[in-house]
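**Q** model this:
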Amino acid sequence: MNKSWTTGQDGNRMKGIRTYPVIWLSGVFAFWLTTQSVLANGKEQNLLGMPENLFSTTKYLFGISENLLATTEHLLGISKNLFGISENHFGISAETSMSRRDDMTHHHGYKDSARTVPAPGDSLPFACLSPHADFEYATSEAWLASDNAAGLQHLPAAKISLAEVYFNKGDGEYINFHRSNDSREWGASVKSYYRLSPRVVFYGQISYADFQGRNMGGSVFIDPQQQGLDIVEYADTLAGTKRLERYHLTGAVGVQLSHRLTLGGKVNYRAANYAKFKDLRHTNSFFDMSVTAGLSYRFGKMAEAGANWFYRRNVESLRLDIYGTTDKQYTSLVSFGAFYGRTELFGEDGYTGESTITPDINTYNGGSVQLNLTLSDRTTFFNELSFRQREGYYGKRSTTSVVYAGYGGDELSWAGALSFGNRRLRHQSKVNADRRMLETFENVYRKENLGGGRMNVVYYGKNKMLDRNTLHLRLTHTAWLDVAGDCPAWTFTATAEAYRRRQTVSIYPFYRRQTVRSLNAGISAERNIACGSGTLGVRAGVAYGSGGGVMKNDGVYAPVPPEQRPPKSSESNLLHEYEYLTATRAGGSVGCKYAFPVAFAGNLYFRADCELSCATKGYFRHQKYFSPTLAAGCSF
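**A** Numbering: from 1, shown residues only. Predicted structure coming up:
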């Protein structure tokens, strides 16, 4: 190969970012949010450590000089006297920062259902979080996880941010067919919620991850579970080292137009580079961008409804190659599902053409509707129903290039969250149900030579190859006990999960049917203990799972002549995936975290976690997978 694994078709490391300027804006926007949060945090604690002139200049540049602030207060009718009245009205005590936040949370956190977004002219009733605030708890409001960015107005604080770097090591044989039994990954991320004004809330995120795994084979795609078709290494002796770089940028804003109507928009971008360092080598360039635009409308104090439009497009470009010259032949299985399909020899014309870049393109169109019901002053019930249509194809659309296969289907999901409790005790029960239907069709075509080096592709029809139906249900209940300063002393979580996948692969007159069922359940507990000026958190959890189904049911639609050979199958990968998904298994996890306040940096923390899973029956009996993680970060 004459190009670095990190380069794409034109040698640029991140071609997608160069092509889409809006992605740069999202990255700059997320960085700006983080900077604003840090500056605001330092200003409130008076710990910037800057010379007075420089600090005054900084305040002036960001439009927060004392004179301008006083003028703004006067124009909006929120002078300090009025602001004091507003504090009393909202039940915010000013005795201490912690009691102030507790009382504010009583109105804006645990009485979410009774909270109304500030009307025009109102004072800003949102305070900054306690230095000991838990990020996951502070952002557990169901609206914040919605596709509809208008829900950002439900942020129960002025700002909260989290920055983290981590390192993870994975070892063990209890893995899926395309995973590594010896891997390492490190990464960094920053995410921030920032309330610019009573009417405007921003969200931004930037993350990067670098993964490298040994002894990896199987699929050539990054996530074969989401593909309409798969290309699998037919031989078990070709496993090698693979590397995956991932990038993630997100920018979102929610703007309140009135005390009832709010608008929102979000741009979410992911990119990745993926490569294998052993023949048969593959180099993948991936980008995934989604855009949403929505609104929400409040119907009095009892209900709030929302709706948003959704568009997503992802492209994974694949190039297969070998290093140097060799007489060895490499065979790949083009799997239409359940590792059932046909084989291709590398270098032949087809799905695995030599030194050609072939894209796999998918587009999603749809939308979501939301309904948030206020059942009482302390109870809310949030619902989100989403529908998306998927269309995709593998190949290049042109008169001289082939589109080998196309696929499409519908996706329907529902997310519900029931939240109830008070200032010191809060519960949240979540339900996530997702159903996806996918069909794959292979095109029937012929290449016509027009002379003069010209080629034309003529299509004669298509054959249905795959009919897949997946159902995923997840139940989660979380209880936060003895909450003070947005940091619960105890956190208990219980989860139950069910997964079912049914698929029929048809290569006439042959077919293969498969059914996979998997059940998982787990519980965990976390304790936060005051330790000096900081907080020590310890966590432990256990999990259990099992499954079943039919690995393969092969048959024919019509009588087959003796000379007709059945389709090819990768039996080793078929057994590996099926047993991994259905094996009886048990697991456990432990972790600890120490957080302490630091001048200007907010709340600094160090975290260590370990996870262990083990199959107790079946093909993977006594096989384990161990995954420790070290992390450091800060919340502010």
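
**Q** now do the SS call for Gln153.
**A** Recorded secondary structure, Gln153: helix (DSSP: H, G, I helix; E, B strand; the rest coil).

**Q** was I right about it contacting Val253?
**A** No. The criterion here is C-beta atoms under 8 Å, and Gln153 misses it with Val253 at 10.4 Å. C-beta here means a position set from N, CA and C on the backbone, and glycine is covered the same way.

**Q** ranges for the helices of the stretch 501-636 of the chain?
**A** 571-582 (DSSP state H, counting those that start in this stretch).

**Q** show me where the chain dips below the pLDDT cut-off.
**A** Applying pLDDT under 70 to the chain flags the ranges 1-132, 601.

**Q** all helices of it, in order?
**A** For the chain, the helices defined by DSSP state H occupy 15-19, 21-45, 52-61, 66-76, 80-89, 97-108, 135-138, 571-582.

**Q** hmm, back to that, so what sits against both of Gln153 and Val253?
**A** With contacts taken as C-beta atoms under 8 Å, 6 or more residues apart in numbering, Gln153 and Val253 have Val201 as neighbours in common.

**Q** who has more neighbours out of those two?
**A** Taking other C-beta atoms under 10 Å, Gln153 and Val253 do not tie; Gln153 has more neighbours (23 against 20).

**Q** quick check: the more buried one vs Arg260, distance?
**A** Remark: distance between Gln153 and Arg260 (C-beta to C-beta, to the nearest Å) = 11 Å.

**Q** ok, Leu196 next?
**A** The value you get for Leu196 to Arg260, if C-beta to C-beta is used, is 20 Å.

**Q** try Tyr625
**A** Distance from Tyr625 to Arg260, by C-beta to C-beta: 51 Å.

**Q** higher neighbour count, those two?
**A** Neighbours were counted for Tyr625 and for Arg260 using other C-beta under 10 Å; Tyr625 has more, 20 against 15.

**Q** ok, now which ones touch the more buried one?
**A** 170-175, 612-614.

**Q** nearest spatial neighbour of it, skipping sequence neighbours?
**A** In space, and not counting its chain neighbours, Tyr625 is closest to Gly172: 3.4 Å by C-beta to C-beta, 6 or more residues apart in numbering.

**Q** quick one: Ala150 from Ile222, how far?
**A** On the measure of C-beta to C-beta, Ala150 and Ile222 end up 32 Å apart.

**Q** bridging residues for the nearest residue to Val165 once chain neighbours are set aside?
**A** Nearest residue to Val165 in three dimensions, chain neighbours excluded: Ala188, at 4.5 Å (C-beta to C-beta, 6+ apart). When bridges are called by DSSP bridges, Ala188 pairs up with Val165, Tyr208.

**Q** same check, this time on Pro628
**A** With DSSP bridges applied, Pro628 shows beta-bridge pairing to Cys610.

**Q** contacts only, for Leu229.
**A** 334-337, 341, 394, 405, 407, 440, 465-466.

**Q** tell me the buried residues in the longest strand seen in the chain?
**A** In the chain, assigned by DSSP state E, the strand with the most residues is strand 454-484. Of the residues in strand 454-484, 457, 465-470, 472, 474, 476-480, 483-484 count as buried by neighbour count, 16 or more other C-beta atoms under 10 Å.

**Q** ok, of these, which one's closest to Arg527?
**A** Trp480 (12.0 Å; C-beta to C-beta).

**Q** that closest one contacts Thr491, correct?
**A** Yes. The criterion here is C-beta under 8 Å, and Trp480 meets it with Thr491 at 5.6 Å.

**Q** who touches both of those two?
**A** Contacts common to Trp480 and Thr491, judged by C-beta under 8 Å, 6+ apart, are Tyr137.

**Q** quick one, strands of the stretch 351-500 of the chain?
**A** With DSSP state E, counting those that start in this stretch as the criterion, the stretch 351-500 of the chain has strands at 357-376, 379-395, 403-421, 425-451, 454-484, 487-507.

**Q** hang on, I meant the stretch 501-636 of the chain
**A** 510-531, 534-556, 568-569, 585-598, 602-615, 624-635.

**Q** possible to save those as JSON lines with distance to Glu136?
**A** As requested, these are exported to JSON lines (distance: least, C-beta to C-beta, whole Å):
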{"stretch": "strand 510-531", "distance to Glu136": "10"}
{"stretch": "strand 534-556", "distance to Glu136": "11"}
{"stretch": "strand 568-569", "distance to Glu136": "44"}
{"stretch": "strand 585-598", "distance to Glu136": "12"}
{"stretch": "strand 602-615", "distance to Glu136": "12"}
{"stretch": "strand 624-635", "distance to Glu136": "10"}
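
**Q** for Arg435, find the nearest of the ones you listed.
**A** strand 510-531 (14.8 Å).

**Q** check contacts around Lys276.
**A** Contacts of Lys276 by C-beta under 8 Å, 6+ apart are 216, 220, 240-242, 282.

**Q** try 6 Å
**A** Neighbouring residues of Lys276 by C-beta atoms under 6 Å, 6 or more residues apart in numbering: 240, 242, 282.

**Q** likewise Gly265?
**A** 149, 293.

**Q** where's it relative to Ala149, distance?
**A** From Gly265 to Ala149 the distance is 5 Å (C-beta to C-beta).

**Q** cool, and Ser401?
**A** Ser401 is 38 Å from Ala149, by C-beta to C-beta.

**Q** the two: which is more packed in?
**A** Neighbour count, other C-beta under 10 Å: between Ser401 and Ala149, Ala149 has more, with 30 against 14.

**Q** let me see the contact set for that one.
**A** 252, 254, 264-266.

**Q** quickly list what the residue lying closest to it once chain neighbours are set aside is bridged to.
**A** Sequence neighbours aside, Gly264 is the residue nearest to Ala149 in space, at 3.1 Å (criterion: C-beta to C-beta, 6+ apart). According to DSSP bridges, the residues that bridge with Gly264 are Gly254, Gly294.

**Q** shift numbering so it begins at 20
**A** In the new numbering, first residue 20, that becomes Gly283.

**Q** what about Gly283, how many residues nearby?
**A** Using other C-beta under 10 Å: Gly283 sits among 26 other residues.

**Q** can you pull the contacts of Lys261?
**A** 232, 235, 295.

**Q** partner residues bridging it?
**A** Gly232, Lys295.

**Q** ok, it to Lys295 distance?
**A** Distance of Lys261 to Lys295, given as C-beta to C-beta: 5 Å.

**Q** ditto for Ser226
**A** 24 Å.

**Q** what's the burial count for Arg442?
**A** Applying other C-beta under 10 Å, we find 17 other residues in the vicinity of Arg442.

**Q** separation between it and Asn547?
**A** Taking C-beta to C-beta, one finds Arg442 at 16 Å from Asn547.

**Q** hmm, back to that, looking at the buried residues of strand 473-503, which two lie furthest apart in space?
**A** So, these by C-beta to C-beta: farthest apart are Val476 and Ala503, at 67.9 Å.

**Q** contacting residues for Arg465?
**A** Val477.

**Q** and it, bridged to which residues?
**A** Residues in beta-bridge contact with Arg465 (DSSP bridges): Val477.

**Q** what's the spacing between the closest residue to Trp433 other than its chain neighbours and Leu394?
**A** Closest residue to Trp433 apart from its sequence neighbours, by C-beta to C-beta, 6+ apart: Ala452 at 4.8 Å. Ala452 is 21 Å from Leu394, where distance means C-beta to C-beta.

**Q** neighbour count: the two, which is higher?
**A** Neighbour count, other C-beta under 10 Å: between Ala452 and Leu394, Ala452 has more, with 16 against 13.
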